[in-house]
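> One predicted model, sequence on top.
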Number of protein chains: 2
Amino acid sequence: MTNLSMTKKAELDFSAWVLIKQARIEQMLEQALPAANLAPNTLHSAMRYSALGGGKRVRALLCYAAAEMCDTNITIADAAASAVELIHAYSLVHDDMPCMDDDDLRRGKPSCHKQYDDATALLVGDALQSLAFEALSQPMLCNNTGLQANQQISMLNILAKASGSTGMAGGQAIDLASVGKPLTQAELESMHHLKTGALIQAAVLLGAVRGSTTQMAAVRSYAANIGLAFQVVDDILDVEADTATLGKTAGKDANSNKPTYVTILGLDLAKQHAQQLYEDAITTLAPFGDSAQRLRELAGFIMQRSF
Amino acid sequence: MTNLSMTKKAELDFSAWVLIKQARIEQMLEQALPAANLAPNTLHSAMRYSALGGGKRVRALLCYAAAEMCDTNITIADAAASAVELIHAYSLVHDDMPCMDDDDLRRGKPSCHKQYDDATALLVGDALQSLAFEALSQPMLCNNTGLQANQQISMLNILAKASGSTGMAGGQAIDLASVGKPLTQAELESMHHLKTGALIQAAVLLGAVRGSTTQMAAVRSYAANIGLAFQVVDDILDVEADTATLGKTAGKDANSNKPTYVTILGLDLAKQHAQQLYEDAITTLAPFGDSAQRLRELAGFIMQRSF
């Protein structure tokens, strides 16, 4: 599907990089999350159950890749990647609840409210959101990392806006309101720009916090394109993949009468659209040579996870 | 009930101060919340419904009073008071949901999930929490306010910890787990120290951000005592007041078989306990003379709201 022409060696390098960063974010989240034997034990166990050991960590990978492009210190990238993954984990827990998408399966395991109960899932999501802001507001983050305190405040502000009613939570609200309604492609893109795109954009911008204005503008544009591509691929996966491959219930969106790129464009045009978004993302990185290689490879990774 | 011997004039002054600050925090929240006609409209309407026009704003008042004691600039106090009230508002919306306390009434109106629906209430709480961190991470907050950027980061960290699994959300989890179980007074205090106390302490500490180490230590102790007193009074109110006075369902805790100070100590001892906590709170403020007058009066205010 993608036009990436990676050499075998570069491909291997990227796969190794992904594995290293996935292990790294797992370790960071492990450290950030309270121990399961710390009171309240059930809440802490459920937080760990929901945030650890699953997912491709695409947002963390994007954050680390942007950090490599912009020479952002790894300690800052660790905190940013953790914060973004904690927000993502909270959103999954709440989205799966009966009053929202009512999904019993997440990352191949029972979703949080099935494994525990609804009240615990509600508090898990709430506490994971708080923990994201706790991770990113560590007072030591400016020590020997080159980060200015006002840049750290800016990172917190970016994350808060990306998470809130004009970001991810707002996109979720539009998504809920759109069930069973015909949407234009523009309306669908606007919804996904908030629901998925805002946090993906935040992941990249936080990683790029030490970048120049030009670099920040480029990664912002890259993130907008790749964020939408990610969602188009998700919609294609919902139709093409099976539940075992997805680790969540397949055909869910189609069955729940939600508008998707596939229902609006058809499968072939949806694939073409994803490809165009991918190419636009790659184009914005052209001036940055090798420093942007990981971001390019990640764009391919996002495309390849499906077909 | 309290031993406050305020002159008529001081009493009038305090009442006027409360009204002025209540109007001020209402205006600040009005500005911080997205307009109801901004998309997604239903989410924004529901956020405004839940956060505006209700409550005594005790946490905001404590924040403003601590700011007056410690000469914290009013712009900083505004942001801190808004953030704390937004966290409080989110917690009420989620606490009222069917899977938690299942309460239909809040501040004399239908609770958020009754006025809207469960999914909207879930997203309202989520988005109000994000908005709290957005309000406190405004990049301009250090401009001409005397606040250092690292102090602002510290404020964000205090709020995040007070809200999360070792603060308010953790207290809520312990509360849920304790329904129908016998608790000792120590266990009950530990639960309330998190559930209500953590955010009340954060309110005071954020207001006192520009204070000296001595002032911070004193307000921390004040907050611990007054936070518990607040909860003891709440438990007494649950038994003594009627639904119309409370603006929420009276007798709720007793009926749901939750341990309270009244069930553990009995009504008379609970009242004595509240009085002792009040007196301890006042004692810690002794070295600070007139500058701590509002905090003293607020301690009285918290006691007087009941009996």
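Received the coordinates, thanks.

> tell me the mean pLDDT over the host helix or strand of residue A:275?
Using DSSP states H and E, residue A:275 falls within helix A:267-284. Averaging pLDDT along helix A:267-284 yields 96.

> That helix packs against which elements?
helix A:213-240, helix A:261-265, helix A:293-304 (3 or more Cβ pairs under 8 Å, 6 or more residues apart in numbering or on different chains; DSSP states H and E). From N, CA and C alone the C-beta is placed, and that goes for glycine too.

> To residue A:107, which of those helices lies closest?
helix A:213-240 (14.2 Å; Cβ to Cβ).

> List the buried residues of the closest one.
Going by neighbour count (16 or more other Cβ atoms under 10 Å in any protein chain shown), the buried part of helix A:213-240 is A:215-216, A:218-219, A:221-240.

> same question, stretch A:104-121
For stretch A:104-121, the neighbour count (16+ other Cβ under 10 Å) marks A:105, A:106, A:111, A:112, A:113, A:114, A:115, A:116, A:118, A:119, A:120, A:121 as buried.

> could you measure the fourth one against chain B, distance?
Spelled out, it's residue A:112. Separation of residue A:112 from chain B (Cβ to the nearest Cβ, to the nearest Å) stands at 12 Å.

> Residue A:172 contacts residue B:124, correct?
No: counting by Cβ atoms under 8 Å, residue A:172 stays clear of residue B:124, with 11.3 Å between them.

> could you dump the buried residues of stretch A:104-121 to a markdown table with pLDDT and secondary structure?
Listed next are these as a markdown table, based on pLDDT from 0 to 100; DSSP: H, G, I helix; E, B strand; the rest coil:
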| residue | pLDDT | secondary structure |
| --- | --- | --- |
| A:105 | 92 | strand |
| A:106 | 91 | strand |
| A:111 | 97 | coil |
| A:112 | 97 | helix |
| A:113 | 97 | helix |
| A:114 | 97 | helix |
| A:115 | 97 | helix |
| A:116 | 97 | coil |
| A:118 | 98 | helix |
| A:119 | 97 | helix |
| A:120 | 98 | helix |
| A:121 | 98 | helix |
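
> ok, of those, which one's closest to chain B?
Nearest to chain B among those: residue A:118, at 3.6 Å, using Cβ to the nearest Cβ.

> How about the contacts made by that closest one?
A:97, A:98, B:99 (Cβ atoms under 8 Å, 6 or more residues apart in numbering or on different chains).

> And the residues you listed, which is closest to residue A:189?
For these, the nearest to residue A:189 is residue A:97 (26.2 Å; Cβ to Cβ).

> and the closest one, how far is that from residue B:110?
Residue A:97 is 21 Å from residue B:110, where distance means Cβ to Cβ, to the nearest Å.

> sorry, back to before: what's the farthest-apart pair in the buried residues of stretch A:104-121?
Spatial extent of the buried residues of stretch A:104-121 (Cβ to Cβ) is set by the pair A:105 and A:119 at 20.2 Å.

> Where do the helices of the stretch 51-200 of chain A begin and end?
Ranges of helices in the stretch 51-200 of chain A, per DSSP state H, counting those that start in this stretch, are A:58-69, A:74-95, A:112-115, A:118-136, A:149-163, A:168-177, A:185-192, A:198-207.

> ok so, going back, I'd like to know which of the contacts of residue A:118 are part of strands.
Counted as lying in strands by DSSP state E, out of those, is not a single one.

> coming back round to it: just so I know, which of the helices and strands packed on helix A:267-284 lies nearest residue B:168?
Among these, helix A:213-240 sits nearest to residue B:168 (Cβ to Cβ), with 32.0 Å.

> quick one on the thing from earlier: which of the buried residues of helix A:213-240 are close to chain B?
With the criterion set as Cβ under 8 Å from any Cβ of the partner chain, no member of these is near chain B.
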